[in-house]
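[1] predicted model and sequence follow; I will ask about them next.
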Amino acid sequence: MNIYVLLKRTFDTEEKISITGGRIQDDGAEFIINPYDEYAVEEAIQIRDEIGGEVTVVSVGIDETEKQLRTALAMGADKAVLINTEDDIEEGDQYTTARIITEYLKDKEADLILAGNVAIDGGSGQVGPRVADMLGIPYITTITNIDIDGTDVTITRDVEGDSEKIKTSLPLLITCQQGLNEPRYPSLPGIMKAKKKPMEELELDDLDLEEEDVEAKTKTLDIFLPPNKAAGRVLEGDIANQVQELISLLRSEAKVI
């Protein structure tokens, strides 16, 4: 089984993010593996351990992305590939990333490609489906269970609080949702082994791509933090008085009734 995982380096949203001039400030920010991509890494490792094969983790990013790839190797992935665009691309979008990954994967004969459902920094959920479309293979999003029998695949996916069961076949791309598994923490032996596992680094030239080939199709006009929420209001008195006051406030202040 030839398994590939698409991985993104994202801001740790548990940390405070600073925005200046419509841009997120990298200095001092903490970066992690996109949490939904962790589900993809974990599932890929479990599938490999069950039916055999090799897991390769692929990321488009900058020099520092190697840290997140090494973490995926420490979790149990076999190989990692960093397609370094630091010197080639100033502004990219989902099309940029998908086109680069597709160019890398097009001759790799991947049986299964896993990605996170969305990235927590952008939340578009576009890269995985775009890659599948460019490769001409089927894809299924927001999966919560997968069973593989030869080339036959049975999948359960989340559909707004309900579930849907789908049968398909390899090759296939899936995007992984919370509930699919519980990602493991890298163990100390895993961290030590990760230092010796293969880490390939490529640039656009190695994929016969030019900057204009992967030029962004969209442009970010502004980035801003959501407004602070107003403090809540506690109603006092007995229930009857609270209900009357609530109705009055909904009518006079909120103007919803």
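    That came in fine, so what should we check first? Since the model is a prediction, treat every value here as computed from it, not as a measurement. Numbers count the residues shown, from 1 in each chain.
[2] so which residues make contact with the least confident helix or strand in the chain by mean pLDDT?
    For the chain, counting by mean pLDDT, DSSP states H and E, strand 23-24 ranks last in confidence among helices and strands (a mean of 72). With contacts defined as CB atoms under 8 Å, 6 or more residues apart in numbering, strand 23-24 is touched by 11, 17-18, 223. Bear in mind the C-beta positions are built from the backbone N, C-alpha and C, glycine included.
[3] state the next helix or strand along the chain beyond it.
    Toward the C-terminal end, the helix or strand that comes next after strand 23-24 (DSSP states H and E) is strand 31-33.
[4] rounded mean pLDDT for that next one, please.
    pLDDT averaged over strand 31-33 equals 93, rounded to a whole number.
[5] now do the least confident helix or strand of the chain: distance to the chain's middle.
    For strand 23-24, the gap between its own C-alpha mean and the chain's C-alpha mean amounts to 20 Å (CA atoms, centre = their mean, to the nearest Å).
[6] strand partners (parallel or antiparallel) of that strand?
    When pairs are called by DSSP bridges, strand 23-24 turns out to pair with strand 19-20 (antiparallel).
[7] touching, residue 142 and residue 175? I think so.
    Yes - with contacts counted by CB atoms under 8 Å, residue 142 reaches residue 175, the gap being 6.4 Å.
[8] who's more crowded, those two?
    For residue 142 versus residue 175, the count of surrounding residues by other CB atoms under 10 Å is larger for residue 175: 27 against 22.
[9] contacting residues around that one?
    Under the criterion of CB under 8 Å, 6+ apart, the contact list for residue 175 reads 36, 40, 114-118, 125, 128-129, 139-143.
[10] could you do residue 67 as well?
    Contacts for residue 67 (CB under 8 Å, 6+ apart) come out as 9, 31.
[11] residue ranges of the helices in the chain, please?
    Remark: helices of the chain, listed N- to C-terminal, are 35-51, 65-75, 94-105, 127-135, 188-194, 239-252; assignment by DSSP state H.
[12] what's the distance between the first one and the middle of its chain?
    By that I understand helix 35-51. Taking the mean of its C-alpha atoms, helix 35-51 sits 13 Å from the chain's own mean (CA atoms, centre = their mean).
[13] so for it, what gets flagged as buried?
    For helix 35-51, the neighbour count (16 or more other CB atoms under 10 Å) marks 35-48 as buried.
[14] between these, which is closest to residue 233?
    Distance to residue 233, by CB to CB, is smallest for residue 35 among these, at 34.2 Å.
[15] can you pull the contacts of the closest one?
    For residue 35, the set of contacting residues under the criterion of CB under 8 Å, 6+ apart consists of 116, 120.
[16] what does residue 111 give?
    Taking CB under 8 Å, 6+ apart as the criterion, residue 111 is in contact with 1-3, 53, 170-172.
[17] which of the residues you listed are buried?
    Buried subset of the contacts of residue 111 (neighbour count, 16+ other CB under 10 Å): 1, 3, 170-172.
[18] returning to that earlier point: need the max-distance pair from the contacts of residue 111.
    Pairwise distances among the contacts of residue 111 were taken by CB to CB; the largest, 13.8 Å, belongs to 53 and 172.
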